[in-house]
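Q: Predicted model and sequence follow; I will ask about them next.
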Amino acid sequence: DAFVPSKRLYAKMVQNKFSTKVIESTRSKPKFNPGSHVALRANANVGWNIPRTGTAVVLKADSKPVTSPARGSKVYTVLFFGQTTPVFVEERWLKKAKR
């Protein structure tokens, strides 16, 4: 509680290009609102236990803190139709679903 970083240390932690991208992504408006229908992109890197086909519904935006400086790194909680457990997916792996 009493630790105050030096000006140089503060600049290294907060003003570098990676942390500014994370802060930008955190403050940006979500691309998908809760209740909207989404699908996974073909190049999605989300893990083996997530269905690759089918549509899903967005349950919550900003589910977890942003940890990646990549564009579209906001985390969503989505529930695929026919599944019982929701999963966490980054915005960059989602697209608008065709109805």
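A: Yep, that arrived. Bear in mind the structure is a predicted one, so any value in this text is a computation, not a measurement.
Q: Just the buried residues of the biggest helix by length in the chain, please?
A: When every helix of the chain is counted residue by residue (DSSP state H), the longest turns out to be helix 17-27. Of all the residues in helix 17-27, those buried under the rule 16 or more other CB atoms under 10 Å are 21, 22, 25. For glycine as for every other residue, the C-beta is placed from the backbone atoms N, C-alpha and C.
Q: Next: stretch 41-50.
A: By neighbour count with 16+ other CB under 10 Å, stretch 41-50 contains the buried residues 44, 46, 50.
Q: so what's the last one closest to, chain neighbours aside?
A: Spelled out, that is residue 50. For residue 50, ignoring the flanking residues on the chain, the nearest one in space by CB to CB, 6 or more residues apart in numbering is residue 87 at 5.4 Å.
Q: Same check on residue 39?
A: Spatial nearest neighbour of residue 39, excluding adjacent residues (CB to CB, 6+ apart): residue 97 at 4.3 Å.
Q: Done for today, thanks.
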